[in-house]
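# how would this look folded up:
(chains A and B)
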Number of protein chains: 2
Amino acid sequence: MRYAVLGTGIVGRTIAAKLASLGHEVVIGTRDPKATLSRTEPDGYGNPPFAEWLGFHDRIRLETFADAAAFGETLVNTTAGDGSLQALETAGAANLAGKVLIDIANPLDFSQGMPPSLNPVNTDSLGEQIQRAFPETKVVKTLNTMNSQIMVQPSRVAGEHTVFVSGDDAGAKQAVTDVLISFGWPESSVIDLGDISTARGVEMLLPIWLRLWGAVGHADFNFHIAGA
Amino acid sequence: MRYAVLGTGIVGRTIAAKLASLGHEVVIGTRDPKATLSRTEPDGYGNPPFAEWLGFHDRIRLETFADAAAFGETLVNTTAGDGSLQALETAGAANLAGKVLIDIANPLDFSQGMPPSLNPVNTDSLGEQIQRAFPETKVVKTLNTMNSQIMVQPSRVAGEHTVFVSGDDAGAKQAVTDVLISFGWPESSVIDLGDISTARGVEMLLPIWLRLWGAVGHADFNFHIAGA
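Prediction:
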C-alpha cells in the first residue's frame, strides 16, 4: 500500500517509520520540503532535525503536501491541529478525494496560554471540520489520544488499553482497524464510537491526557475502557 | 460523620443510600422539600418518585438546601450542573464555609440539542466556578466520570478502573479519598490530577462517556488509566 503521511513532527515520523517497517511505500508531505530539510536545529520538543531523522529511513521520501497526497492511496494527517485544514487544502481536494484519511491531529490552541485549550471544541471538532471541508474523503479519527510511541507499539503499556475510531464510513473504519491491528493492536482494543461527530469526545480527552502526563510523571499510559 | 447530599436525582439518592449504609447521618437537600415529596410520577429518567424512594430509607431525611448544608459536616453536590451554582447559593455560603464539598455534578447543556454539550468548557469548569464562588469551601471534584451505581460499587466493573480527584486542598482530597475507599475503591485506583483547574479535563470526559454508552450498549463501564 502507498501511504502519504502529512506532517514532519514526531507523530508523522513515528507513523511513517512504522508503515515503512511493515513494507509499505511511504511519502511524507510537508509545506516546503527544501525548508524542512534545511533545518539543522532540534524542533521545539527536542526531536532531531528532520533531515537527520530521514537519513536513517532511506525508504521514506519527503515531498510537498500535494505530491505526497497524490502518491498516497491512504493518507495520514499528523499536522498540528491549528494548521491541518490549510495543509489539507494545500494538498488539494482532488488528491484526497475517494481516499481514507486517518486523522491523528488534535486541535490544541496555545493562544490562551498553558495548558493548551481546544479549538474547535464541544459543539464541533477538527475531525468534523476536515470531513465537512473534504466531503469526498473518508475521514477516520483515531490514535489522537495517546503518545506517539504507543500508537505503533501498544505493548509499551501493560494490560488492556483502548484505541478509538470515529468516522462516517464503515468500510473506511474497518480498513483503519486493519492498519491498527498491523501496528500491534488487538482487535478487541478497538472501540468504534460511531460517526465522525464522536471525534468531539476523543479530542476532548486531550485536556485530561495533558494533566495525567503531569500527575503520572511519564507518557507511557493510555485510556482503557474497563467493562466495555 | 454528618453528610448533606444536595440533589434528589439518581446520583444523590445513590450516594445518600451508600453513606447511610456506612453508618453516617445523611440529610438530602432540595429547593422545596414539600414539592419534591408531592411528586407522584417517575422522573425523566424513569426513576421512582422521591417520596417512594425515601420510604425505603427511613434513616435519611429531606430538608431545604440551607438546612441540609447547615447540618452537614461534609457536603456532596449532585444537583444538575446548570443549577448547581444557584443551589449552592440557596444553601448559603455560611453553611458551606470551611467544609469539604464533593462535587459530582457535570455541566451538561441540553440547550444545543442532543447529545448535550458542556457549559462551561475548555477554559473553565463547573468545579472551578464553584470554587471561585465559595472560596472558603474546599471543593473536590470526583466521581463525575461514571454511572452512579459504579460510584458506590466499583466492583460492578471487572478489572482495574480509575476514579479521579481534583482540588486545591490536599487535606480535603485525602478526606475524599478516604470516602472513596469506604465506598470500595482501592486506593491504587484513585488518581490525584492536581488543582481544581483539572476539573476541566474530567468534565470533558462526559462527551466520550455518552458516546461510549451508546457504542458499548450499557453503562457498566469506566475509564481506566493503563500504565499509570
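
# Excluding covalently adjacent residues, which one is nearest to A:P42?
Leaving out its chain neighbours, the residue that sits closest to A:P42 by Cβ to Cβ, 6 or more residues apart in numbering or on different chains is A:P48, at 5.8 Å. No exception for glycine: its C-beta is placed from N, CA and C like everyone else's.

# Could you confirm that neighbour falls within a helix?
No: counting by DSSP: H, G, I helix; E, B strand; the rest coil, A:P48 is located in no helix; its state is coil.

# what ranges do the helices span in chain A?
A:10-21, A:33-38, A:50-55, A:65-71, A:84-91, A:93-96, A:126-133, A:148-152, A:170-182, A:199-203, A:206-216 (DSSP state H).

# Identify, out of these, the most deeply packed stretch.
helix A:199-203 (a mean of 29; mean count of other Cβ atoms under 10 Å in any protein chain shown).

# Check which helices and strands that one is in contact with.
helix A:126-133, strand A:138-142, strand A:163-167, helix B:206-216 (3 or more Cβ pairs under 8 Å, 6 or more residues apart in numbering or on different chains; DSSP states H and E).

# How much space separates A:K138 from A:R2?
Between A:K138 and A:R2 the distance, using Cβ to Cβ, to the nearest Å, works out to 16 Å.

# what's the answer for A:L19, then?
Taken as Cβ to Cβ, the span from A:L19 to A:R2 is 10 Å.

# again, but for A:T14
19 Å.

# tally of neighbours for A:G44?
7 (other Cβ atoms under 10 Å in any protein chain shown).

# Then A:G217?
9.

# Also the one 5 residues further on?
For A:N222, the tally of surrounding residues (other Cβ under 10 Å) stands at 26.

# residue contacts, the closest residue to it other than its chain neighbours?
Spatial nearest neighbour of A:N222, excluding adjacent residues (Cβ to Cβ, 6+ apart): A:H161 at 4.0 Å. Each residue near A:H161 by Cβ atoms under 8 Å, 6 or more residues apart in numbering or on different chains is listed here: A:154, A:189, A:222-224, B:224, B:226-227.

# out of those, which is most surrounded?
Counting by other Cβ under 10 Å, top hit in the contacts of A:H161: A:N222 with 26 neighbours.

# you'd agree it is up against A:T145?
Yes: with contact defined as Cβ atoms under 8 Å, A:N222 counts as touching A:T145 (7.4 Å).

# sorry, back to before: for the residue nearest to A:N222, phi and psi?
Phi and psi for A:H161, reported as degrees, to the nearest 10, are phi -150, psi 170.

# Report pLDDT for it.
Looking at A:H161, its pLDDT stands at 98.

# Distance of the residue most central in space within chain A relative to A:T30?
Centre of chain A computed as the mean C-alpha position; nearest residue by Cα atoms, centre = their mean is A:I104, 2.4 Å away. When distance is defined by Cβ to Cβ, A:I104 is 16 Å away from A:T30.

# One more: A:G83?
Taking Cβ to Cβ, one finds A:G83 at 11 Å from A:T30.

# More neighbours: the two, which one.
A:T30 (24 against 13).

# That one and A:R61 touch, don't they?
No: applying Cβ under 8 Å as the test, A:T30 and A:R61 come out as separate, 11.1 Å apart.

# who's sitting farthest from the centroid in chain A?
Outermost in chain A, Cα atoms, centre = their mean: A:G227 at 26.9 Å.

# which one of the helices of chain A lies closest to B:G113?
Among those, the nearest to B:G113 by Cβ to Cβ is helix A:199-203 (13.2 Å).

# And that closest one, how far out from the chain middle?
13 Å (Cα atoms, centre = their mean, to the nearest Å).

# for the record, mean pLDDT for stretch A:82-96?
98.

# Check stretch A:58-72 too.
For stretch A:58-72, the per-residue pLDDT averages 97.

# try stretch A:122-139
Mean predicted lDDT for stretch A:122-139 stands at 98.

# For it, give me every contacting residue.
A:75, A:77, A:81, A:84-85, A:88-89, A:93, A:96-101, A:103, A:105-107, A:120, A:141, A:166-169, A:171-172, A:196-197, A:199-200, A:202-204, B:112, B:117-118, B:121-122, B:207.

# got the helices of chain A as a markdown table, with distance to B:D178 columns?
Listed next are the helices of chain A as a markdown table, based on distance: least, Cβ to Cβ, whole Å:
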| stretch | distance to B:D178 |
| --- | --- |
| helix A:10-21 | 41 |
| helix A:33-38 | 54 |
| helix A:50-55 | 49 |
| helix A:65-71 | 55 |
| helix A:84-91 | 45 |
| helix A:93-96 | 54 |
| helix A:126-133 | 41 |
| helix A:148-152 | 33 |
| helix A:170-182 | 40 |
| helix A:199-203 | 32 |
| helix A:206-216 | 19 |
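
# Surely A:R13 touches A:W53?
Yes: counting by Cβ under 8 Å, A:R13 touches A:W53, with 5.7 Å between them.

# quick one on the thing from earlier: where's the residue nearest to A:P42 relative to A:I104, distance?
Counting by Cβ to Cβ, the gap from A:P48 to A:I104 is 21 Å.

# Kindly export stretch A:176-195 (C-alpha atoms) in PDB.
Only the C-alpha atoms of stretch A:176-195 are listed here, as PDB (Å, rounded to 0.1, in the frame of the first residue of the first chain):
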ATOM      1  CA  VAL A 176      -8.200   1.700   9.600                       C
ATOM      2  CA  THR A 177      -8.900  -1.100  12.100                       C
ATOM      3  CA  ASP A 178      -6.800  -3.400   9.900                       C
ATOM      4  CA  VAL A 179      -4.000  -0.800  10.000                       C
ATOM      5  CA  LEU A 180      -4.200  -0.700  13.800                       C
ATOM      6  CA  ILE A 181      -4.100  -4.400  14.000                       C
ATOM      7  CA  SER A 182      -0.900  -4.400  11.800                       C
ATOM      8  CA  PHE A 183       0.500  -1.900  14.300                       C
ATOM      9  CA  GLY A 184       0.000  -4.500  17.100                       C
ATOM     10  CA  TRP A 185      -3.400  -3.500  18.400                       C
ATOM     11  CA  PRO A 186      -5.600  -6.500  19.400                       C
ATOM     12  CA  GLU A 187      -8.900  -6.100  17.600                       C
ATOM     13  CA  SER A 188     -10.600  -6.200  21.000                       C
ATOM     14  CA  SER A 189      -8.900  -3.000  21.900                       C
ATOM     15  CA  VAL A 190     -10.500  -1.100  19.100                       C
ATOM     16  CA  ILE A 191     -13.800   0.700  20.000                       C
ATOM     17  CA  ASP A 192     -15.900   2.100  17.200                       C
ATOM     18  CA  LEU A 193     -17.600   5.100  18.700                       C
ATOM     19  CA  GLY A 194     -19.800   5.900  15.800                       C
ATOM     20  CA  ASP A 195     -19.900   8.700  13.200                       C
END
